[in-house]
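> Turn this into a structure:
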Amino acid sequence: MNRKVVIPGEIIIEGEDYLPGEHTEKRDGKIVSLRYGLAEEQNNLLKVIPLSGVYAPRRGNIVIGKIENINSNGWMVDIGSAESTFLSIMEVPRYVNKDAMEEVFKIDEMVIAKIWSIGKRGIDLSIKSHGLGKINDGLIFKVNPHKVPRVIGKEGSMIKLIKEETGCDISVGQNGFVVINGSDVDSELFAKKAINFVTEKSFVSGLTDEMTKWFKENKK
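A predicted model of the protein is given here:
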């Protein structure tokens, strides 16, 4: 089945062979969409990738956020989620002097981190893995979080193409924040333009081919 745009309540497919996945449910032998988004089928499992709405945090997600407060135990981070989000000093891979917390992160600085726990108190972050930590420079902007899977592509194919064509290093948070580091501002802006093209065309099937065509037409 090709990816197709569906709306809530729309029948995606009929038949007892199919199972409902994320944002779908089974009604009278039919798989029905619960969200506006892209329906996709893998091994008879149907799911919908939402194309609108707010970010829904998940354990294991890589997110990009802004430091919004500091206390003696860590940093409050804004990741665009309704839940309060905290980075504990225990989840920083270096010694932290509690009297000099700002040596690690100041308010308004940006961080790339991993969600390691979601509980009643909120979301807990960690920067103990490779590639996580403070974002010192680069172009930072936001896209719709539900379009992140399209920006990354199947097995990272889309973001790999954009990196290769623009020569930029790109980090994409599941919460929709994107950081682009290039050799100059023009290449960073070109990469941003490419990512915006993906988000605008997120409902199109064969999007990688469209992107390749776009690069041929737009590359200097």
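
> Next up, the contacts around the residue nearest in space to the middle of the chain.
Of all residues in the chain, the one closest to the mean position by CA atoms, centre = their mean is residue 174, 2.1 Å from it. By CB atoms under 8 Å, 6 or more residues apart in numbering, the residues touching residue 174 are 55, 58, 61, 62, 63, 145, 148. C-beta here means a position set from N, CA and C on the backbone, and glycine is covered the same way.

> Is it possible to get TSV of the residues you listed that adds pLDDT and secondary structure?
Conversion of the contacts of residue 174 to TSV gives the following (pLDDT from 0 to 100; DSSP: H, G, I helix; E, B strand; the rest coil):
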residue	pLDDT	secondary structure
55	83	coil
58	92	coil
61	96	coil
62	96	strand
63	97	strand
145	91	helix
148	93	helix
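
> Only the buried subset of the residues you listed, as a ChimeraX command please.
The ChimeraX command for the buried members of the contacts of residue 174 (criterion: 16 or more other CB atoms under 10 Å) is given here:
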select :55,61,62,63,145,148
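
> right, and out of the contacts of residue 174, which lies closest to residue 36?
residue 145 (14.2 Å; CB to CB).

> Let me see the contact set for that closest one.
Residue 145 makes contact with 53, 54, 55, 56, 80, 174, 175, 176, according to CB under 8 Å, 6+ apart.

> Looking at those residues, which is nearest residue 135?
residue 175 (13.7 Å).

> Produce a ChimeraX select command limited to the buried residues of the contacts of residue 145.
To isolate the buried members of the contacts of residue 145 in ChimeraX, using 16+ other CB under 10 Å:
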select :55,80,174,175,176
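
> and the two most separated of the contacts of residue 145?
53 and 174 (13.5 Å).

> Counting neighbours, what do you get for residue 67?
Residues lying near residue 67 (other CB atoms under 10 Å) number 21.

> same deal with residue 40?
20.

> Please tell me how far it sits from residue 143.
Applying CB to CB, to the nearest Å, the value for residue 40 to residue 143 is 19 Å.

> one step back: adding distance to residue 11 as columns, could you present the contacts of residue 174 in JSON lines?
As requested, these are exported to JSON lines (distance: CB to CB, whole Å):
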{"residue": "55", "distance to residue 11": "28"}
{"residue": "58", "distance to residue 11": "28"}
{"residue": "61", "distance to residue 11": "31"}
{"residue": "62", "distance to residue 11": "35"}
{"residue": "63", "distance to residue 11": "34"}
{"residue": "145", "distance to residue 11": "27"}
{"residue": "148", "distance to residue 11": "27"}
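
> quick one: which of the contacts of residue 174 is nearest to residue 18?
Out of those, the member with the shortest distance to residue 18 (by CB to CB) is residue 58, at 24.3 Å.

> Now do the same contact list for that closest one.
Counting by CB under 8 Å, 6+ apart, residue 58 touches 115, 118, 174.

> Number of residues surrounding residue 217?
A count of nearby residues for residue 217, using other CB under 10 Å, gives 6.

> SS state for it?
Secondary structure state of residue 217, per DSSP: H, G, I helix; E, B strand; the rest coil, is helix.

> Roughly how far does it sit from residue 186?
Applying CB to CB to residue 217 and residue 186 gives a distance of 17 Å.

> Adding secondary structure and distance to residue 107 as columns, could you present the contacts of residue 145 in TSV?
Listed next are these as TSV, based on DSSP: H, G, I helix; E, B strand; the rest coil; distance: CB to CB, whole Å:
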residue	secondary structure	distance to residue 107
53	coil	29
54	coil	24
55	coil	22
56	coil	26
80	coil	17
174	coil	23
175	coil	19
176	coil	21
